[in-house]
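> Predicted coordinates and the sequence they were generated for:
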Amino acid sequence: MSQEAKSSACLALADGSVFFGSAFGASGEVTGEVVFNTSMTGYGEILTDPSYCGQIVTMTYPLIGNYGINFEDVESNGPRLRAFVVRELCRAPSNFRSELSLDDYLRKAGVIGLEGIDTRSLVRRLRSQGSVTGVLSTVDLDPQSLIAKAQAAPSIVGQDLVQEVMPAASFAWTERLGNFATLAPQDSQPTRYHVVAIDYGMKWNILRHLTQVGCRVTVVPGTSTAAEILALQPDGVFLSNGPGDPEPLTYAIRTIRELLGKLPIFGICLGHQLLGLAAGARTYKLKFGHRGANQPVMNLRNSKVEITSQNHGFAIDALTLPANIEVTHRNLNDQTIEGMRLTDQPAFSVQYHPEAAAGPHDSAYLFEEFCSLMDLSVEKMKA
Ligand SMILES: NC(=O)CC[C@H](N)C(=O)O
């Protein structure tokens with residue numbers, strides 16, 4: 001029997017390559033940017049990170065699903081990615097926290113899974129030529145038809161995906177870090193600041209870290225205006241992670257520009273890119289991005305190396321930095337900008353994920369630095 005005859009799903013890339021495998025989860029057909037993540041664990045968090053909206057994610061670790069899915073570790077209401085690709089799916093998870101299998105979870109969430117393909121070959125292709133658009137189908141297994149669909153599908157560049165994943169209305173967040181956050185930087189702090197978190201597709205562990213260090217958090221949709229945010233009288237503003245290209249998000253850039261200098265600002269990932277754009281820098285698309293849980297980053301202020309969790313395909317262009325941006329962190333794999341601060345305003349940001357989930361906790365100190373910035377601004381107002 002040929003490979004095609006026993007396959008129940010096919011992934012075709014715009015470059016003409018095809019991968020036949022077995023379907024799991026839901027069935028149907030989706031298009032998306034095909035990207036890879038090198039984390040060995042954390043698939044529950046990766047599936048539910050809204051920043052993957054618009055993407056078909058493949059894992060480089062060969063066995064996925066072995067500890068099942070639990071609802072304490074998820075990072076949003078449900079999977080936001082377009083499809084999930086693994087070398088080998090574990091159908092018999094073994095973990096006391098598991099509530100259902102990965103297969104059942106994706107089926108219920110309507111997300112297509114593909115297993116049994118040579119993920120090393122797929123990832124080598126993405127690394128050598130860069131991320132490409134792909135189509136994953138369980139209903140059309142004709143390679144030529146799928147390649148044509150992949151070639152006709154829109155690129156992720158220029159799309160506003162934030163409005164697909166942001167909340168429709170504001171809400172208060174109260175949950176702190178859970179029992180399994182054993183490496184929390186410090187004990188829970190008493191609540192002493194009010195932070196407005198602008199939600200462009202936020203990972204929940206960011207909110208847990210903010211409450212843990214003493215913030216009362218009001219989450220507002222990514223389209224909120226500066227006037228709406230200032231009316232809430234926050235001590236600081238947080239800019240969240242989120243999906244897709246930052247440049248088309250002109251409403252978010254305008255809001256941040258209007259908030260700059262008025263109160264302390266901390267941004268993560270998409271929030272970092274938007275802060276850079278608001279300050280006058282440009283962003284560009286990386287060849288294949290950084291997605292994994294062991295990306296080395298140098299903190300340039302103390303020369304310490306942090307091992308970080310990352311998920312981004314765009315970055316701030318070092319050649320376009322205005323004079324008031326100081327680069328504070330660099331990726332040691334490719335020297336790209338991983339952190340910055342404004343020298344004339346209380347605002348800073350990182351391209352990586354200090355909340356981890358999943359990943360190392362080396363960078364959790366940044367949440368405390370945000371609190372220090374809010375302390376300074378309160379003292380200034382009193383003086
Ligand atoms: N995790 C994020 O916030 C990702 C930011 C942006 N969507 C990128 O891909 O670069």
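Now that the structure is in, tell me what you want to look at. Numbers count the residues shown, from 1 in each chain.

> Residue numbers of the chain in contact with the ligand?
Applying CB under 6 Å from any ligand atom, we find that the chain lies next to the ligand at 51, 241-244, 269-270, 311-314. All C-beta spots, glycine's among them, are computed from the backbone N, C-alpha and C.

> Mind doing that once more with 5 Å?
Within the chain, the residues that sit near the ligand (CB under 5 Å from any ligand atom) are 51, 241, 243-244, 269-270, 311-314.

> Which members of those occur in helices, if any?
Leu270 (DSSP state H).

> As CSV, the residues of the chain next to the ligand with neighbour count and pLDDT would be great.
Formatted as CSV, the residues of the chain next to the ligand follow (neighbours: other CB atoms under 10 Å; pLDDT from 0 to 100):
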residue, neighbour count, pLDDT
Ser51, 30, 98
Asn241, 26, 98
Pro243, 28, 98
Gly244, 26, 98
Cys269, 29, 98
Leu270, 31, 98
Asn311, 28, 98
His312, 22, 98
Gly313, 23, 98
Phe314, 20, 98
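
> okay, the residues of the chain next to the ligand in CSV with distance to Thr218 next?
As requested, these are exported to CSV (distance: CB to CB, whole Å):
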residue, distance to Thr218
Ser51, 22
Asn241, 18
Pro243, 22
Gly244, 25
Cys269, 20
Leu270, 19
Asn311, 25
His312, 26
Gly313, 29
Phe314, 27
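
> Quick one: residues contacting the spatially most central residue of the chain.
Geometric centre of the chain, nearest residue: Ser51, 3.9 Å, by CA atoms, centre = their mean. By CB atoms under 8 Å, 6 or more residues apart in numbering, the contact list for Ser51 reads 201, 203, 241-243, 269-270, 311-312.

> Could you list the residues in contact with the strand or helix carrying His194?
Using DSSP states H and E, His194 sits within strand 193-199. Taking contacts as CB under 8 Å, 6+ apart, the residues outside strand 193-199 that touch it are 166-167, 173, 206-207, 210, 214-222, 224, 229, 232-240, 252, 255, 271, 371, 374.

> And Tyr200, its phi and psi?
When read as degrees, to the nearest 10, the backbone of Tyr200 gives phi -100, psi 10.

> any idea where the strands of the stretch 251-383 of the chain begin and end?
Shown for the stretch 251-383 of the chain, the strands assigned by DSSP state E, counting those that start in this stretch span residues 265-268, 283-299, 304-316, 325-331, 337-342, 347-350.

> closest to Glu29 out of the ones you listed?
Closest approach to Glu29 among those is made by strand 304-316 (22.8 Å; CB to CB).

> For that closest one, list the C-alpha coordinates in CSV.
Extracted C-alpha coordinates of strand 304-316, given in CSV (Å, rounded to 0.1, in the frame of the first residue of the first chain):
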residue,chain,number,x,y,z
LYS,A,304,23.9,37.6,33.0
VAL,A,305,22.5,35.1,30.6
GLU,A,306,18.8,34.2,31.0
ILE,A,307,17.4,31.0,29.5
THR,A,308,14.0,32.1,28.1
SER,A,309,10.7,30.9,26.7
GLN,A,310,9.9,32.5,23.4
ASN,A,311,7.3,32.6,20.7
HIS,A,312,7.7,35.3,18.0
GLY,A,313,8.1,35.6,14.3
PHE,A,314,8.6,39.4,14.1
ALA,A,315,11.2,41.6,15.8
ILE,A,316,12.3,45.2,16.3
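
> Let me know the angle separating that strand from strand 283-299.
For strand 304-316 against strand 283-299, the angle by axes from the mean of the first three to the mean of the last three CA atoms, to 10 degrees is 170 degrees.

> Let me know the angle separating strand 304-316 from strand 337-342.
90 degrees.

> what angle sits between strand 304-316 and strand 325-331?
Going by the same axes, to 10 degrees, strand 304-316 makes 110 degrees with strand 325-331.

> Against which helices or strands is strand 304-316 packed?
When contacts are defined as 3 or more CB pairs under 8 Å, 6 or more residues apart in numbering; DSSP states H and E, strand 304-316 sits against strand 29-37, helix 270-279, strand 283-299, strand 337-342.

> So which residues of the chain form helices?
3-6, 43-48, 102-109, 119-129, 143-152, 162-165, 204-212, 226-230, 250-259, 270-279, 365-382.

> right, so the ones you listed: which one is the most enclosed?
Burial of those is given as mean neighbour count (mean count of other CB atoms under 10 Å); helix 270-279 ranks first at a mean of 27.
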